[in-house]
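Colleague: Fold the following, please.
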Amino acid sequence: MGIIKLADLIRLEAPGAISHKDISDYTVSAYSTGKIIALDTSIVMNQFRTAAPSLNPLTGLFFRTLTFLEHEIKPVFVFDGRPPGEKLAILQKRAEAAGWRSPNHLGTASPQTKDCVHLLKLLGVPVVQAPGDAEAFCAWLVRQGAAESVASEDMDTLPFGAHVLIRQLNAKRDSDIVEYSLPKLLEKLQLTHKEFVDLCILLGCDYCDKIAGLGPKRALRLIQKYRTIENVVLHINRKTHPVPDNWKYEDARKLFVETPHAEVPELMWTEPDEEALVGFFCKCTHVKEERVRRRMERFRQIRESTRKQREEATAAGQGRQTRMDDFFRVLRKRKQPVEAAESGNSKRKKPKLK
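Modeller: So this is what the prediction gives:
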């Protein structure tokens, strides 16, 4: 679910925090390598299940990942770990709606998840297991400088602290990709990150109930005036906006701002293992081997063409040569101060991301 009506609120109150792009904005050029993008894998897989319920979602994952790599986008696929206890209620509702007996409250990998991990490893892209929610870990990777943005459809990536959120990244050349800038959003709304987290809790999140009858614009104005949920509660009409009993907003706040107990992983991209890939993928999805072989041949041709174009640009003095070895390398970026990502000349103290 993410944050209820947050995208609509941003469009109305902070349109300057939104950019509309296409996939070429994230790809390699004569002057730079492609961007490192952390993806919430469960969101990606759910997209494929919804778009083509009769097909194995591994099919969509295979073709989309190849397209990313052709553009020299460096995808990092993050998998959910054990969900926090605060999220079990919403997970139970989702399981019932989907016809499942119970949610995966232990974070154990299903057979399809294991197949997904194996496929991605054969494609040569890094796979990361999050200690908890994948979207929270994706945001943390961005805050640590290990990735440049998060690709997810859930808006709660923003209160988790990702500087850049990308939605609708579906690898099509003509698609309208929507990018959200958290520093610009905080500057426009005149909120700190902690105040923004409280706003998102008031709007409605996965971790606790919300105050009934409190709309997005009203919630924003209250936070802008009173700055915390505690102060908002003191100034609202309890009859028209009843506060939930045993409201666990503090637990939800902690989940959004706390740092995962994990180390920054080493991220490495390698050449796909074509023979193993073809055998495994065709067996799992029943896609014909000829089709897979053709796609892999096209992949090699596009990569070779990209390499030649870059070398020609370098020879012409238009940029610095970037060897293919620079793409397939271990990346472990040092931590970058979050404040460096913020910009603007606000009269108030510049917002800080935690």
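
Colleague: Helix or strand for Val150, just tell me which one.
Modeller: Following DSSP states H and E, one finds Val150 within strand 149-151.

Colleague: let me fix that: Lys184
Modeller: Assigned by DSSP H and E, Lys184 belongs to helix 182-189.

Colleague: for Leu66, same thing?
Modeller: Going by DSSP H and E, Leu66 is in helix 57-70.

Colleague: Just the angle for the next helix or strand after that helix relative to helix 57-70, thanks.
Modeller: The element immediately downstream of helix 57-70 (helix or strand, assigned by DSSP H and E) is strand 74-79. Here strand 74-79 points in a direction 150 degrees away from that of helix 57-70 (axes from the mean of the first three to the mean of the last three Cα atoms, to 10 degrees).

Colleague: ok, which stretches of the stretch 101-250 of the chain are strands?
Modeller: Along the stretch 101-250 of the chain, counting by DSSP state E, counting those that start in this stretch, strands occupy 127-129, 149-151, 164-167, 177-181.

Colleague: Tabulate these (TSV), appending mean pLDDT, mean neighbour count and distance to Pro242.
Modeller: No exception for glycine: its C-beta is placed from N, CA and C like everyone else's. Output for these, formatted as TSV (pLDDT from 0 to 100; neighbours: other Cβ atoms under 10 Å; distance: least, Cβ to Cβ, whole Å):
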stretch	mean pLDDT	mean neighbour count	distance to Pro242
strand 127-129	96	18	40
strand 149-151	96	28	35
strand 164-167	96	24	32
strand 177-181	96	20	32
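
Colleague: Relative to Ile18, which of the ones you listed is closest?
Modeller: strand 177-181 (5.9 Å; Cβ to Cβ).

Colleague: contacting residues around the closest one?
Modeller: Residues outside strand 177-181 that contact it (Cβ atoms under 8 Å, 6 or more residues apart in numbering): 10, 17-23, 25-26, 149, 158, 163-169.

Colleague: Would you check how far apart His20 and Val164 are?
Modeller: As judged by Cβ to Cβ, to the nearest Å, His20 and Val164 stand 14 Å apart.

Colleague: and Cys200, how many neighbours?
Modeller: Cys200: 25 surrounding residues under other Cβ atoms under 10 Å.

Colleague: dump the residue contacts of it.
Modeller: By Cβ under 8 Å, 6+ apart, the contact set of Cys200 is 3, 6, 156, 158-159, 256.

Colleague: I'd like the strands of the stretch 101-250 of the chain as CSV, with distance to Ser54 appended.
Modeller: Below are the strands of the stretch 101-250 of the chain laid out as CSV (distance: least, Cβ to Cβ, whole Å):
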stretch, distance to Ser54
strand 127-129, 26
strand 149-151, 25
strand 164-167, 25
strand 177-181, 27
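
Colleague: Tell me which of those sits nearest to Glu72.
Modeller: Of all the strands of the stretch 101-250 of the chain, strand 149-151 comes closest under Cβ to Cβ, at 15.2 Å.

Colleague: gap between that closest one and the chain center?
Modeller: Centroid displacement of strand 149-151 relative to its chain, using Cα atoms, centre = their mean, to the nearest Å, is 4 Å.

Colleague: next one: stretch 190-205
Modeller: Worked out by Cα atoms, centre = their mean, stretch 190-205 lies 19 Å from the chain centre.

Colleague: same deal with stretch 40-56?
Modeller: Distance of stretch 40-56 from the chain centroid (Cα atoms, centre = their mean) equals 15 Å.

Colleague: Show me which positions of it end up buried.
Modeller: 40-45, 47-48, 56 (16 or more other Cβ atoms under 10 Å).

Colleague: swap in stretch 151-170?
Modeller: By 16+ other Cβ under 10 Å, the buried positions in stretch 151-170 come out as 151-167, 169-170.
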